[in-house]
Structures are given as C-alpha cells and as structure tokens.
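*Asks:* Task: produce atomic coordinates for the following.
(chains A and B)
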Amino acid sequence: MPFTAITTEQVAVDAPYTSELGTTIKEDLDYLNANVAAPTDVANGGFETDNDSDDVPDNWTVDHYTGGSSAFNTTTPFEGAQSFQFTHPGGAGNGGGYIESGYLTISEYVSPMVQFALKCSAAGTNVICRLRYFDKDKSDLSSDEDIYSSVANPTAWTMKTLWGIPPATSRYMKIRLIGGLNDTDVAGTVDFDAVRYDPFPKVLYDNFTIARATNNVGYADLNSASIKLPKGFTVARLPVTLDYSDTGGVSGEGDGGARYRIGTTYSTELLFRAVLPIGSNLFYTKGEVELDISALSGAQTLYLQSRANGPTVSDCAGAAKVDKIATYVRLGG
Amino acid sequence: MLIIHSDTEILVTLNEDDESLTGEHIKNGYSGMLEEWKAGIVSATKLGNAPMDKLIMDAGKPRLMTDEEIKKRTVELEADITAQKEKQVYEAKIKQEIRDMAINSLNAKEVK
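*Replies:* Numbering: from 1, shown residues only, chains lettered A, B, ... in the order given. Alright, predicted model coming up:
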C-alpha cells in the first residue's frame, strides 16, 4: 500500500477522530515499517535520540555491573551532540556496564564490518566489542565473538574498524559494547559513539607485523604473523619490502624475490634482477603481492618467504620493520 | 621444518612438519619443479628447526652443520670478503694512478 499524507485539517483540535484516519495511520506505519524493517545501519548508532528520556538511547538496551552507571556525555562527544558514557567506580567485582543494539541483518557467508568511536579516561579499563550471533528465527547461537577486547585503550577519541567471522546459520547479530568489564578493577569512564555496521563490505583493512630476516638461497619461510582473515573475501593485497645487497661492496649480478603463503596457498611474487655497482651495497624494492583467500577465513598463520640467487647478492629480506597494512577485497556482489 | 631438495641442493625450506603436503606445496608454490618432483629428482626431508644458513647437503640429504663446520665456513667467508676488499682497494689505487698519469700528461701538454 502507498504512503498517504495526513493533512493538518485531519489532526486539527476540533477535527473528529475517524476510522478512515485510523486506517491511514496504520497503513502509513505499515508502509514505514516495511521500508525500515531491515536497515543496513545501526539505528541511532550515534546515541543522539532518547525520545522517552529514560537515559537509554532509543533502539539500544543498557545494563550495568555492580557499582556501574551510565549517562549521555554532551560535553565532549565524538560526533553529533552526545556520546554514551559508562562509569566504572573501581573496586574488586565492580564494573561499568554494556549497551546492546537491536537485531542487525547479516549473512554467515560474509564478514560484517563494525565501527565505533572509543575514548577512555583510564587506558586500563577493560573494553570489549562483542558480536552476538542469531539464526533466522533470532535464536541465540551462543557463539559470541569479541572483535575488540583490550585493557590498553585510547584516552583520546579513536575510531575502531573491525569485522566478525559469523558462524554457520547466522542471519542476525547484535553489537554489545562493554565499557568497564567487572573482571578488571580500573576506575574510569568509557565513552562510545558513532556505531556503524556494513553487512557486506567490499574492502577491509588490517595491520600485521612480520620480523625482518635474511636469506640468500632458494625460497624459505622467514618469519610468520598470526592474522585474521574475513569471511567471503577473495583477495588479500599484502605489502612487501625487499632489501638486497652485494657481499663486501663488490659489483655483480643478482636476482631474487619475496612472497607470502598461508598453508599451501601462495601469493604472487615481488621479483628483482639487478646489476649491483661497486660501493652500492643496498637496494630496496617495495611492492604489493596478492594472495587468493577465497577458500580461507578466520585465524591463520601468514608466512613471509624470500629467495636470492647470484654470485654477489647475499642479503634478500622481505621484511617488516613497522606495521604493514593488509587490504582484503571481496570481488563481485 | 620441511626441506625440499635435490641430491645436491636445498631448494625450499618451510616451517611445516607435514610431509604429505609436499606435493601440494610444490604444485601451488613451486610449479617449476613439479615434473622433477614427480620424477623423484626432488624429494623432501623433515628436520627440527634449523637456521637456513646452518644447513648442508650431505650424501643426498640435508643436515645441520657441526660447530666445527660452521667455524670453518665462517673463516672461509671472512677470508673471501677480505680478499674481495683488498682487490677493491687495489683496483681503486690503479684507477687513481691512471688518473694522476692522465692529469700529468695533460699538464705537460699545456706547459708546451
């Protein structure tokens, strides 16, 4: 049924209530419900609305641990006019509380992306972002996943972007933000704001660190990193740096390469072939390789490999001195 | 550690203990040696964790070098580097000598 506008005259002070008006209101509400029944964003994710003035943001539920309290923070929000703040009073067994969204539609086949802004007055407060998964009938699958869990939290507003790995039969999830879990005795306030989600993100990013190593023969695993791959994604784009040098400052030809592997799945290679002049004993090649992750998801061990070949090339290290950014791409759909 | 090798050369070292996956690794990551693997020219040996630079091929199989062998190799490597550096210094001296001679020759021409 279409949306029917209600005129000002129909709701004037002396206008009688009619069955027709009641039907129009019902049909308009049904129309709106059909159009917003499955929003692909978190309703009231910025905690801006509290129409019933119960100090709980509309479309969210709030619970407190012993001693905990919560309130809107209208002084220093991350976005809009207010954020939502828990207070952990300190003391063994005490805590702040948690705020939980309504049902959000997802699929078991694709990792949903979740974003929220976080600020704590004390870094050591235990903060968790927990995804609670439900099946199509909204039955709790009891497979909660903590996509953020930290006692080293930011004390200035920081946006967190994370993703979940939905278990089989997942069709809905709820986002639970825990500010000051009662297992950690650290007093302070925890602010949340700007909660967003995307059920079918096309691109996700993460960082990882792999220690630098040297290899001057055939391909070998240099070092590894524990990473988490999203579900339903196709390609991981991974940066790599190759340092290659000669031996003792002597000129000569050399070639080599670097790549990654997860199990028996290998990435493309970053290759070099160089003629090294006398006195120039270190060169860098930086690039990005691609790894097919269409059959992989969840916790994985990523290995960095390198090789070098040539009379004077002695140092071939695809290495990370700092964090590297991995890009996960979901092709199609 | 899984080492994929020929009779004379270490080709790949993987932090992997499952020998049954060797074929998969070769197929996916080292397809260039697939034929040799099928022909039995390439084989795999499992060793405890060992640094790549302390491995040696011996009697067709890789093994960890003894302390004595590592010392000997280090001495040889250092001697090699020293020789290379001496050669480099000598070459630089020759270049300098040739340059000086050329400058002297040019100066002599200008005086005339």
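
*Asks:* CA only for contacts and neighbour counts going forward, please
*Replies:* OK.

*Asks:* where exactly do the strands run in the stretch 51-200 of chain A?
*Replies:* A:61-64, A:69-73, A:83-88, A:97-100, A:104-105, A:113-120, A:127-134, A:145-150, A:158-163, A:172-179, A:188-198 (DSSP state E, counting those that start in this stretch).

*Asks:* Show the contacting residues for the residue of chain A found nearest chain B.
*Replies:* Nearest to chain B in chain A, going by CA to the nearest CA, is residue A:220, at a distance of 4.5 Å. Counting by CA atoms under 8 Å, 6 or more residues apart in numbering or on different chains, residue A:220 touches A:305-307, B:12-14, B:52.

*Asks:* with those residues in mind, which one is nearest to residue A:325?
*Replies:* Of all the contacts of residue A:220, residue A:325 sits closest to residue A:305, with 17.5 Å by CA to CA.

*Asks:* in terms of contact, does that closest one touch residue A:259 like I think?
*Replies:* Yes - if you go by CA atoms under 8 Å, residue A:305 and residue A:259 touch, sitting 5.3 Å apart.

*Asks:* The residue in chain B positioned nearest to chain A: which element?
*Replies:* In chain B, the residue that lies nearest chain A is residue B:13 (4.5 Å; CA to the nearest CA). Taking DSSP states H and E as the definition, residue B:13 sits inside strand B:10-14.

*Asks:* average pLDDT for that strand?
*Replies:* Here strand B:10-14 scores 90 as its mean pLDDT.

*Asks:* ok, residues contacting it?
*Replies:* Contacts of strand B:10-14 (CA under 8 Å, 6+ apart): A:217-221, B:1-5, B:52, B:57, B:62.

*Asks:* cutoff 6 Å now
*Replies:* Strand B:10-14 is contacted by residues A:218-221, B:1-5 when judged by CA atoms under 6 Å, 6 or more residues apart in numbering or on different chains.

*Asks:* how about JSON lines for those residues, with distance to residue A:69, secondary structure and pLDDT added?
*Replies:* Shown next, in JSON lines, are the contacts of strand B:10-14 (distance: CA to CA, whole Å; DSSP: H, G, I helix; E, B strand; the rest coil; pLDDT from 0 to 100):
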{"residue": "A:218", "distance to residue A:69": "60", "secondary structure": "coil", "pLDDT": "82"}
{"residue": "A:219", "distance to residue A:69": "57", "secondary structure": "coil", "pLDDT": "87"}
{"residue": "A:220", "distance to residue A:69": "55", "secondary structure": "strand", "pLDDT": "88"}
{"residue": "A:221", "distance to residue A:69": "51", "secondary structure": "strand", "pLDDT": "90"}
{"residue": "B:1", "distance to residue A:69": "54", "secondary structure": "coil", "pLDDT": "89"}
{"residue": "B:2", "distance to residue A:69": "56", "secondary structure": "strand", "pLDDT": "92"}
{"residue": "B:3", "distance to residue A:69": "59", "secondary structure": "strand", "pLDDT": "91"}
{"residue": "B:4", "distance to residue A:69": "61", "secondary structure": "strand", "pLDDT": "92"}
{"residue": "B:5", "distance to residue A:69": "65", "secondary structure": "strand", "pLDDT": "92"}
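
*Asks:* and which of those is nearest to residue B:27?
*Replies:* Scanning these for proximity to residue B:27, where the rule is CA to CA, the winner is residue B:4, at 12.7 Å.

*Asks:* Pull the distance from the longest helix along chain B to the chain's centre.
*Replies:* Using DSSP state H to define each element, chain B has its longest helix at helix B:67-111. From the chain centre to the centre of helix B:67-111 is a distance of 23 Å (CA atoms, centre = their mean, to the nearest Å).

*Asks:* on that earlier part again, list the buried residues for the following helix or strand past the strand holding residue B:13?
*Replies:* Downstream of strand B:10-14, the next assigned helix or strand under DSSP H and E is helix B:22-29. Neighbour counts over helix B:22-29 (16 or more other CA atoms under 10 Å in any protein chain shown) mark B:22-27, B:29 as buried.

*Asks:* Same list (these) but as JSON lines, adding pLDDT.
*Replies:* JSON lines is the format used below for the buried residues of helix B:22-29 (pLDDT from 0 to 100):
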{"residue": "B:22", "pLDDT": "93"}
{"residue": "B:23", "pLDDT": "92"}
{"residue": "B:24", "pLDDT": "94"}
{"residue": "B:25", "pLDDT": "95"}
{"residue": "B:26", "pLDDT": "94"}
{"residue": "B:27", "pLDDT": "94"}
{"residue": "B:29", "pLDDT": "92"}
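
*Asks:* Also within reach of chain A: list those from these.
*Replies:* Among those, the ones lying near chain A by CA under 6 Å from any CA of the partner chain are B:25, B:29.

*Asks:* just to revisit the earlier point, quick check: which of the strands of the stretch 51-200 of chain A is nearest to residue A:243?
*Replies:* strand A:158-163 (32.0 Å).
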